[in-house]
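Participant: Build the 3D model from these lines:
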Amino acid sequence: MQTMRIHFIAIGGSAMHNLAIALKQKGYAISGSDDEIFEPSYSRLKSNGILPSEIGWFPDRITTGLDAIVLGMHARADNPELIKAKELGLKIFSYPEYLYEQTKDKTRVVIGGSHGKTTITSMIMHVLRESGFKFDYMVGAQIDGFTNMVGLSDDTNIAVFEGDEYLTSPIDARPKFHLYKPHIAVISGIAWDHINVFPTKEFYAKQFELFVKTIQPNGNLVFYKNDNQVLQLTKFANKDITLTPYTEHPFSVNEDKTYLKTEGEQIEIKLFGKHNMENIAAAKSVCSFLGVTNTQFYKAITTFSGAAKRMQRLSSNDTVDVFVDFAHAPSKVKATVKALKEAYPDRKLMACLELHTFSSLSKAFLDEYNGALNDSDFPVIFYAPHTIELKKLPPLDSNFVKQKFGNTNIKVFNNPKDLHQYILKHPWYSSNLLFMSSGNFAGLDLGEIANVIVEDDDFPKRYLKF
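Facilitator: Have a look, this model is predicted:
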């Protein structure tokens with residue numbers, strides 16, 4: 001059998017390089033190009049032997065010997081390699097199109113929603129693996145036990161995909177999750193996001209309506225029934241689609257530990273927060289459709305510790321825990337802060353949110369964050385003026401930000417050094433620290449900050465003098 005030859009335009013992207021590695025591991029011949037490649041993509045491509053030898057675009061490397069081109073979102077529509085591929089009549093796939101191509105004969109599960117989709121996808125993957133199921137997958141975060149964020153194989157009949165609603169490619173303005181054609185779909189909730197491509201709430205919500213219509217005949221829609229927008233979407237499902245509503249899985253909390261309530265017993269788990277109990281309920285419904293028994297599910301979910309940067313614990317001691325979370329959308333920020341405060345009711349909470357996305361840095365969108373940090377005892381907002389400039393947005397005034405968040409107690413920082421000093425001077429005793437961002441706080445080493453806080457013996461003394 002002839003080896004498939006696939007070329008990636010913009011191979012350095014976080015999603016693209018994972019797909020490239022998965023296909024290399026499957027036995028394909030992979031080449032690629034990019035005008036910039038950062039860590040961890042650089043090292044991972046290099047260790048798998050598919051790091052481009054030179055940075056840049058090289059149209060002379062696009063030949064009729066290639067079986068397909070995979071086009072990344074980072075490339076532009078006038079990319080010289082893309083133009084050459086079109087001239088040669090090569091097959092050109094976007095990232096989601098190629099995932100569908102690889103799994104078109106399998107049972108596809110797609111988890112969509114404005115928040116929770118990475119965690120739900122990760123839970124399903126963890127349970128399936130622990131229960132002995134083989135499956136393909138794509139998820140937007142690193143998960144314990146999985147070396148790659150994409151997995152593809154010829155000996156599987158299930159594919160589990162995180163359904164991102166962002167655009168497909170520079171030449172295809174459809175949301176990614178419209179291309180997967182799920183047999184089992186999940187919608188965890190709808191809260192307006194990505195204002196740069198979905199300028200109104202109505203237009204954003206419309207994308208989920210269209211997603212529902214892509215569910216395959218006799219398929220299943222698992223949906224969060226306490227979200228009125230999601231509830232309205234169910235009427236757009238074809239009559240042969242099975243509708244499965246969910247809320248949070250029954251649970252209890254005792255001495256900072258969370259237990260799932262099941263028939264006849266309570267099962268301790270590593271996660272906490274009402275939103276995670278909702279995620280567990282969604283994952284359980286999907287796993288049931290795939291043939292996982294209740295016994296298998298509960299045994300597996302007890303060992304699930306979460307995905308990277310999804311309420312990830314960076315460091316802790318007896319009185320302080322430091323977490324990092326990918327939260328940036330308003331609904332996710334509010335749910336994350338609330339969950340941490342409820343899990344540790346006797347501790348103070350400093351919640352540090354970085355405004356990093358186009359939406360979060362847009363004046364017209366900031367109203368969506370009203371009250372999002374109100375469950376924090378010490379609310380903090382950080383944004384880098386350089387990031388605002390790169391996104392070609394007008395400057396933000398700190399008082400304007402406070403007003404939009406509806407909280408005059410918020411501390412606003414523009415300089416990472418000032419934020420660093422503020423955190424280190426705080427009396428860290430019987431307190432938790434939460435970082436939330438899809439960025440990196442302008443290069444702050446969050447792990448180092450966490451270690452300093454929990455290892456500094458002077459913090460309790462400083463607290464007593466405060």
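
Participant: Where does D321 sit: helix, strand or coil?
Facilitator: Using DSSP: H, G, I helix; E, B strand; the rest coil, the structure places D321 in strand.

Participant: Neighbours of it, how many?
Facilitator: For D321, the neighbour count with other Cβ atoms under 10 Å is 23. Where you see a C-beta, it was placed from the backbone N, CA and C, and this is true even at glycine.

Participant: which residue sits closest to it in space, ignoring its chain neighbours?
Facilitator: Setting aside the residues directly before and after it, D321 is nearest to N432 in space (Cβ to Cβ, 6 or more residues apart in numbering), at 4.9 Å.

Participant: List the beta-bridge partners for the one you found.
Facilitator: Counting by DSSP bridges, N432 is bridged to D321, L349.

Participant: Now do the contacts for it.
Facilitator: V320, D321, V322, F323, L340, Y344, R347, K348, L349, M350 (Cβ atoms under 8 Å, 6 or more residues apart in numbering).

Participant: Please identify which pair of the residues you listed lies farthest apart.
Facilitator: Across the contacts of N432, the two members that end up farthest from each other (Cβ to Cβ) are F323 and K348, 14.0 Å apart.

Participant: can you map out the strands along the stretch 101-250 of the chain?
Facilitator: 107-112, 136-138, 150-151, 158-162, 167-169, 172-175, 184-187, 220-224, 242-246 (DSSP state E, counting those that start in this stretch).

Participant: Direction included, what does the fifth one pair against?
Facilitator: Just to be clear, that refers to strand 167-169. According to DSSP bridges, strand 167-169 forms sheet pairs with strand 172-175 (antiparallel).

Participant: For the residue nearest to D321, give its distance to N407.
Facilitator: Note on N432: its distance to N407, by Cβ to Cβ, to the nearest Å, is 18 Å.

Participant: picking that back up, what's the closest of the strands of the stretch 101-250 of the chain to I6?
Facilitator: Closest to I6 of these, according to Cβ to Cβ: strand 150-151, at 13.2 Å.

Participant: Give me the residue ranges of the stretch 1-150 of the chain where confidence is low.
Facilitator: Applying pLDDT under 70 to the stretch 1-150 of the chain picks out residues 1.

Participant: again, only this time at 90
Facilitator: Filtered on pLDDT under 90, the stretch 1-150 of the chain yields the residue ranges 1-2, 14, 38-40, 73-74, 114-115, 140-145.

Participant: How about K26, nearest residue that isn't a chain neighbour?
Facilitator: Spatially, and ignoring its direct neighbours in sequence, K26 is nearest to L152 (5.5 Å; Cβ to Cβ, 6+ apart).

Participant: Quick one: neighbours of L152, just the number.
Facilitator: Neighbours around L152, by other Cβ under 10 Å: 20.

Participant: repeat for K176
Facilitator: If you count neighbours by other Cβ under 10 Å, K176 ends up with 26.

Participant: what's near enough to touch it?
Facilitator: K176 makes contact with S94, Y95, P96, G163, D164, E165, Y166, L167, T168, according to Cβ under 8 Å, 6+ apart.

Participant: Which of these sits closest to V109?
Facilitator: G163 (9.3 Å).

Participant: hmm, back to that, considering the contacts of N432, which possesses the most neighbours?
Facilitator: Counting neighbours by other Cβ under 10 Å, the top entry in these is V322, with 26 neighbours.

Participant: name the element the residue lying closest to that one once chain neighbours are set aside belongs to?
Facilitator: Residue nearest to V322 in three dimensions, not counting chain neighbours: A450, with 3.8 Å by Cβ to Cβ, 6+ apart. Using DSSP states H and E, A450 falls within helix 446-455.

Participant: pLDDT averaged over that helix, what's the number?
Facilitator: Averaged across helix 446-455, the pLDDT comes to 92.

Participant: so what secondary structure elements neighbour that helix?
Facilitator: Helix 446-455 sits against strand 312-316, strand 320-325, helix 416-425, strand 431-436, with contacts defined as 3 or more Cβ pairs under 8 Å, 6 or more residues apart in numbering; DSSP states H and E.

Participant: Kindly reformat these as JSON lines and extend each row with distance to K213 and mean pLDDT.
Facilitator: Below are the helices and strands packed on helix 446-455 laid out as JSON lines (distance: least, Cβ to Cβ, whole Å; pLDDT from 0 to 100):
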{"stretch": "strand 312-316", "distance to K213": "35", "mean pLDDT": "90"}
{"stretch": "strand 320-325", "distance to K213": "32", "mean pLDDT": "93"}
{"stretch": "helix 416-425", "distance to K213": "45", "mean pLDDT": "95"}
{"stretch": "strand 431-436", "distance to K213": "33", "mean pLDDT": "95"}
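
Participant: Out of those, flag the one nearest A384.
Facilitator: Nearest of these (Cβ to Cβ): helix 416-425, 7.4 Å.

Participant: Let me see the residues that make contact with that closest one.
Facilitator: Here helix 416-425 makes contact (Cβ under 8 Å, 6+ apart) with 350, 352, 380, 382, 384, 411, 413, 433, 441-444, 449, 452-453.

Participant: what's the closest non-adjacent residue to L290?
Facilitator: I158 (6.2 Å).

Participant: right, and H7 touches Y28 too?
Facilitator: No. When contacts are counted by Cβ atoms under 8 Å, H7 is not listed as touching Y28 (10.6 Å).

Participant: More neighbours: which of those two?
Facilitator: Comparing H7 with Y28 by other Cβ under 10 Å, the one with more neighbours is H7, at 24 against 17.

Participant: Look up phi and psi at the more buried one.
Facilitator: With angles defined as degrees, to the nearest 10, H7 sits at phi -110, psi 130.

Participant: Who is it paired with across the strands?
Facilitator: Beta bridges link H7 to S31, I69, judged by DSSP bridges.

Participant: any idea how far it lies from D78?
Facilitator: To D78, H7 is 18 Å away according to Cβ to Cβ.

Participant: Same check on S114?
Facilitator: Where D78 is concerned, S114 sits at a distance of 32 Å (Cβ to Cβ).

Participant: quick one, which of those two is more surrounded?
Facilitator: Between S114 and D78, counted using other Cβ under 10 Å, S114 has the larger neighbour count: 24 against 8.

Participant: in the stretch 351-466 of the chain, which spans are helices?
Facilitator: Using DSSP state H, counting those that start in this stretch, the helices of the stretch 351-466 of the chain run over residues 385-390, 398-405, 416-425, 446-455, 458-465.

Participant: would JSON lines of these with mean neighbour count and distance to R313 be doable?
Facilitator: As requested, these are exported to JSON lines (neighbours: other Cβ atoms under 10 Å; distance: least, Cβ to Cβ, whole Å):
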{"stretch": "helix 385-390", "mean neighbour count": "13", "distance to R313": "27"}
{"stretch": "helix 398-405", "mean neighbour count": "16", "distance to R313": "26"}
{"stretch": "helix 416-425", "mean neighbour count": "15", "distance to R313": "17"}
{"stretch": "helix 446-455", "mean neighbour count": "17", "distance to R313": "9"}
{"stretch": "helix 458-465", "mean neighbour count": "13", "distance to R313": "18"}
